[in-house]
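**Student:** Sequence and predicted model, in that order:
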Amino acid sequence: MSAAISIKNLDVVFGDKVDPALKLLDQGKTRQQIIEATGSIVGVHNANIDVQQGEICVLMGLSGSGKSSLLRAVNGLNPISRGSVLVADGNGHVDLGNCDAKTLRRIRAERVSMVFQKFALMPWLSVLDNVAYGLELMGQGKAERHQKAMEKLEMVGLADWKDSLPSELSGGMQQRVGLARAFAMDSDILLMDEPFSALDPLIRAQLQDELLELQRNLNKTILFVSHDLDEALKIGTNICIMESARIIQHGAPEDIVMNPANAYVEDFVAHTNPLNVLAGRSLMTAADKLSKTNGDVLVCGEKSLWLAADGKSAHCHGKNVPVQECSSRGNGSIPATGTMAITTPDISMRRAIEIRYATEQPVILMEKGKLVGVLTDHNFYHAMLGKHFGCNDAKVMAG
Amino acid sequence: MNWLADNKLPLGAWMETFVDWLTNHGAWFFDLTAVSLEWVITSLVELFQWFHPGVPIVATAALAWFLHRSIPLVVFVVAAMLLIINLGYWNEMIETFVLVVTATVICILIGVPLGIFAAHKPWVYSYMRPVLDLMQTVPTFVYLIPTLVLFGLGVVPGLISTIIFAIASPIRLTYLGIRNVPEELIEAGKAFGATPRQLLWKVELPAAMPNIMAGVTQCIMLSLSMVVIAALVGADGLGKPVVRALNTVNISQGFEAGITIVLVAIILDRIFKAPGKAEV
C-alpha cells in the first residue's frame, strides 16, 4: 500500500532569496550562516517521511525546530522550496510542490484538514456555523452543511452549544469545535498543529484520550505537531524528532525511548514517564541470560525461585509455587498474592508493575509456549532511573 | 533675508493655475457631478419631507429597537425627534440628515475599498498616508474655495468638502481592521480551501467589521461637524440658522439650532454604533 502522505527531500525556505539559500544549504552551511548571508530562514531541510493510512505521526521538537513548517507544507500554507510532498488523492498522488492553485484548493477542501493551536475559530460565527465553515467555502447549501456540522458536533459532545459564540466556550470546548470543523470536511488526512498545547494539563489529557477514541472509529491519517514527548509517546504510532530544521530520528515510540539518536533526543527522553511507553520486551532480563539446571530456569536468585521450562510449574526451596496465566491488557484480573503471573512480552510497564505489586513475585513473560524473559524489581528500577538507553549491553542479572 | 522675501515662490499662483486648468478642461465633468449629486440630494430631501413626520420617527425608533433592543434608546430617539419638531427645525433636520447620509455613503463606497486595497499593498498605504493626513489637517476653508469654483454655489461643494474631510477615517479604520485580522484566521480560511475572494468576504471583512463600523460612525460625526461650514457655501440644513444666528448675534437661535445638531449627532451615533461592542 502506498503512503497517504509521502514527503521526499523537502526543503522549506522563508524569504525572498530562496535559490541562494538552497545553494548555501547544499554547501553544508548552518541555518545561522544562511540567515546572515541571505536573510532567508530555513524552516525544513531535506525531510523524508512516509505516513501510512491510519497512522498518527507525531512531529516532535523544540520551538523553532521546523516541525510546524513541515506540517504546514502538507497543505501548502508554507512554501515548498524544493522536493515534493505527495498527498494520496483517489488512486494516485498530487504533488503539492508542483500543482496549480485550483488543485491546491481542492486538496485543502477534500483531502487535508487542519486543527490549529489557537483554535482559529471565526469569532463572529456561531459554533454550528464554525463547524460548517469549510463546507460553506465549498459552496454547500445551508441545510445540508448544518446537518453535517450537527453530526460532528454531536461526535465531540457539543451539540447543546451550537448557537453559542466561540468566545462563550472554554479553551477545551473551543478546540473540540476546531476538531469538529476539521472532521466535517470528511478528509482522510488531518494536520494538527500543537492542538492541545494551549490547554491546561487535565483538559489536554482528556482531549488526547478523546482523539484516540475517535481515531479508533475514524481511522484517519494524522500528522500531529507537539513539543511534549509524553504527548507524542501517548498518541503517536510513529514519532519524528526534529532539530534545527532537520529530522534526526524517526521511529516507533518505544524505539525513540530505547535508542535515542543523540543527546538532544536523550534530553527529551530523560524527562518522560516510561510507564506508558516501555513494554515488557525492552525491560526484561532475556531467557538466555538466566541460569538453567535440569531444564528448570532460575527466575529469581535471591528467592531461589525456579520455573519449569514449559512454564507450567514453579518451585522454591522444594515447595511448589502456583503459576497462573494473566492478560497483558490493562483491564484483566490479576493473580492472588504469592502466585507467579505468566503474561506476554507486549505488556506495558505500568501493568507489569501492577502485577508485580499484587503477586509479590517476578513476572514471567512467555510467547508461544516458550519462556522469553523475566521482569523483576531490578528491571523496573533500571527503567525508572532512565538507565535503559542501550539496554542490550546493560548488566541486568537476576542472580 | 530680504532676498528671500523679494523672490517669493508663486505657490498660490501655481495652485490657481491648476484650478483654472481644471475649470477649463474638466468643466463638463464637474458640472455633471454637481448636477447629479444635487438631483440625488434634493430628491431625497423632498421624499423625506413628503412623509408625515410620524413616519420617520416610527421608522427610526424601529431601527433603534431592531439593532439594539434597548427601550431607553428608543424613548430617547422619539423624544429627541419630537423636540426637533417643537423647535421648528424638522425640515432643516431632514436636509442635514440627507447631506450627512449622502456624504457618509459616498465615503464608505470609496473609502472601504481603498482601505482594503491599501491593507493588501503596504506600499500603496505609504503613499496614501500623507495624503490622508493632508486632507484632515488642511483647514476646511482652504479647499472650500476651489470646490466652490469648480462646483458652483449650493449643496454640492458642501458635500464635496465634507467628503474630503471625512473620508480619511473609513480608509484608515478599514486599513487597520484588515491589517489586524489575526494571521491564524487567514490560515484557517486558506486551510479549508478558500479562494482569494472568499478570504476577503468570509474572513477579512467579517473580522474587520467592528473596525469598519467604527470608521463609519466616525465618518458620520465628522460629516455632521461640517454642517455649518457647508452652510457657508449655500448648503441647506441646520447650518444655515447657525450662520444666520452668528451674523445677527442671535443667542437663542444659535442655541436652538446647535442643540438640534447635537441631537441628530447623538441619534446617529447611538444607532450606528456596533451593537454589543465596546465604545470606540
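**Tutor:** Alright, I've got the coordinates.
**Student:** Alpha carbons only: can I get the strand or helix carrying A:Ile241 in CSV?
**Tutor:** Assessed by DSSP states H and E, A:Ile241 sits inside strand A:238-243. C-alpha atoms of strand A:238-243 as CSV (Å, rounded to 0.1, in the frame of the first residue of the first chain):
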residue,chain,number,x,y,z
ASN,A,238,5.4,6.9,14.9
ILE,A,239,7.4,9.8,16.1
CYS,A,240,9.6,12.1,14.1
ILE,A,241,12.1,14.2,16.1
MET,A,242,13.3,17.4,14.6
GLU,A,243,16.2,19.7,15.5
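**Student:** helices and strands around that strand, which ones?
**Tutor:** Helices and strands touching strand A:238-243, by 3 or more Cβ pairs under 8 Å, 6 or more residues apart in numbering or on different chains; DSSP states H and E, are strand A:56-60, helix A:229-235, strand A:246-251, helix A:253-258, helix A:263-270. (C-beta placed from N, C-alpha, C; glycine too.)
**Student:** what's the most buried one of these?
**Tutor:** Comparing those by mean neighbour count (mean count of other Cβ atoms under 10 Å in any protein chain shown), strand A:56-60 comes out on top with a mean of 25.
**Student:** What is that one packed up against?
**Tutor:** Strand A:56-60 sits against helix A:67-73, strand A:221-226, helix A:229-235, strand A:238-243, with contacts defined as 3+ Cβ pairs under 8 Å, 6+ apart.
**Student:** re the thing from before, okay if I get the helices and strands packed on strand A:238-243 as TSV plus mean pLDDT?
**Tutor:** Shown next, in TSV, are the helices and strands packed on strand A:238-243 (pLDDT from 0 to 100):
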stretch	mean pLDDT
strand A:56-60	95
helix A:229-235	90
strand A:246-251	93
helix A:253-258	86
helix A:263-270	86
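**Student:** Nearest to A:Arg356, out of the ones you listed?
**Tutor:** helix A:253-258 (19.7 Å; Cβ to Cβ).
**Student:** Contacts made by the closest one with the rest, please.
**Tutor:** With Cβ atoms under 8 Å, 6 or more residues apart in numbering or on different chains as the test, helix A:253-258 has contacts from A:229, A:232-233, A:236, A:238-239, A:241, A:249, A:265, A:269, A:272, A:274, A:277-279, A:282, A:388-389, A:391.
**Student:** How about the secondary structure of the residue of chain B found nearest chain A?
**Tutor:** Chain A sits closest to B:Gly193 of chain B, with a gap of 3.2 Å, by Cβ to the nearest Cβ. The assignment at B:Gly193 comes out as coil when based on DSSP: H, G, I helix; E, B strand; the rest coil.
**Student:** contacting residues for it?
**Tutor:** With Cβ under 8 Å, 6+ apart, B:Gly193 has these contacts: A:105-106, A:108-110, A:134, A:137-138.
**Student:** Skipping adjacent residues, who's closest to it in space?
**Tutor:** Once flanking residues are discounted, B:Gly193 sits nearest to A:Ala109: 3.2 Å by Cβ to Cβ, 6 or more residues apart in numbering or on different chains.
**Student:** Could you give me the buried positions within the helix or strand hosting that neighbour?
**Tutor:** Following DSSP H and E, one finds A:Ala109 within helix A:101-110. Buried residues in helix A:101-110, defined by neighbour count with 16 or more other Cβ atoms under 10 Å in any protein chain shown: A:104-110.
**Student:** Which residues of the stretch 101-250 of chain A lie near chain B?
**Tutor:** Within the stretch 101-250 of chain A, the positions near chain B by Cβ under 8 Å from any Cβ of the partner chain are A:105-106, A:108-110, A:112-114, A:116-118, A:120-125, A:133-134, A:136-138, A:181, A:185, A:191.
**Student:** Kindly write the ChimeraX command that selects the buried subset of these.
**Tutor:** With 16+ other Cβ under 10 Å as the criterion, this ChimeraX line picks the buried residues out of these:
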select /A:105,106,108,109,110,112,113,114,116,117,118,120,121,122,125,133,134,136,137,138,181,185,191
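**Student:** Can you name the residues of chain B sitting close to chain A?
**Tutor:** Going by Cβ under 8 Å from any Cβ, the residues of chain B near chain A are B:182, B:184-185, B:187-195, B:198, B:202-203, B:206-207, B:209.
**Student:** Over to the closest residue to A:Val374 other than its chain neighbours: give its phi and psi.
**Tutor:** For A:Val374, ignoring the flanking residues on the chain, the nearest one in space by Cβ to Cβ, 6+ apart is A:Val299 at 4.8 Å. The phi/psi pair for A:Val299 (degrees, to the nearest 10) reads phi -90, psi -20.
**Student:** what distance separates the start and the end of stretch A:278-287?
**Tutor:** For stretch A:278-287, the first-to-last residue distance is 18 Å (Cα to Cα, to the nearest Å).
**Student:** Mean confidence (pLDDT) on it, please.
**Tutor:** Stretch A:278-287 comes out with an average pLDDT of 86.
**Student:** from what I can see B:Pro53 touches B:Gly88, true?
**Tutor:** No: B:Pro53 is not in contact with B:Gly88 according to Cβ atoms under 8 Å; the separation is 11.9 Å.
**Student:** Please identify which of these two sits among more neighbours.
**Tutor:** Between B:Pro53 and B:Gly88, counting by other Cβ atoms under 10 Å in any protein chain shown, B:Pro53 is the more crowded of the two (17 against 11).
**Student:** Contacts only, for the more buried one.
**Tutor:** Neighbouring residues of B:Pro53 by Cβ under 8 Å, 6+ apart: B:81, B:85, B:90.
**Student:** Please name the residues that touch the residue of the stretch 1-150 of chain A found nearest chain B.
**Tutor:** In the stretch 1-150 of chain A, the residue that lies nearest chain B is A:Ala109 (3.2 Å; Cβ to the nearest Cβ). A:Ala109 is in contact with A:134, A:137-138, A:185, A:187, B:192-193, counting by Cβ under 8 Å, 6+ apart.
**Student:** could you redo the last one with a cut-off of 7 Å?
**Tutor:** Residues in contact with A:Ala109 (Cβ atoms under 7 Å, 6 or more residues apart in numbering or on different chains) are A:134, A:137-138, A:185, B:192-193.
**Student:** Tell me which two in those residues are the farthest apart.
**Tutor:** Greatest spatial distance in these: A:Leu137 and A:Met185, 9.7 Å, computed using Cβ to Cβ.
**Student:** At the geometric centre of chain A, which residue sits there?
**Tutor:** A:Gly236 (1.2 Å; Cα atoms, centre = their mean).
**Student:** For the nearest residue to that residue once chain neighbours are set aside, name its beta-bridge partners.
**Tutor:** Ranked by Cβ to Cβ, 6+ apart and with sequence neighbours excluded, the top spatial neighbour of A:Gly236 is A:Val58, at 3.7 Å. Following DSSP bridges, A:Val58 is listed with bridge partners A:Phe224, A:Ile239.
**Student:** neighbours around A:Glu144, how many?
**Tutor:** Per other Cβ under 10 Å, the neighbour tally for A:Glu144 reads 11.
**Student:** is it true that it lies in a helix?
**Tutor:** Yes: applying three-state DSSP, one finds A:Glu144 inside a helix.
**Student:** in the stretch 1-150 of chain A, which spans are helices?
**Tutor:** Secondary structure of the stretch 1-150 of chain A by DSSP state H, counting those that start in this stretch: the helices cover A:18-26, A:31-38, A:67-73, A:101-110, A:127-131, A:133-137, A:142-155.
**Student:** which ones are touching the nearest residue to A:Thr103 once chain neighbours are set aside?
**Tutor:** Counting by Cβ to Cβ, 6+ apart, A:Thr103 lies nearest to A:Val94, which is 6.1 Å off, once chain neighbours are set aside. With contact set as Cβ under 7 Å, 6+ apart, A:Val94 has these partners: A:87, A:103, A:107.
**Student:** what's the domain layout of chain A?
**Tutor:** A:3-111+A:187-272, A:280-396 (automatic domain parsing).
**Student:** out of the contacts of A:Ala109, which one sits closest to B:Phe165?
**Tutor:** Nearest to B:Phe165 among the contacts of A:Ala109, counting by Cβ to Cβ, is A:Leu137 at 39.8 Å.
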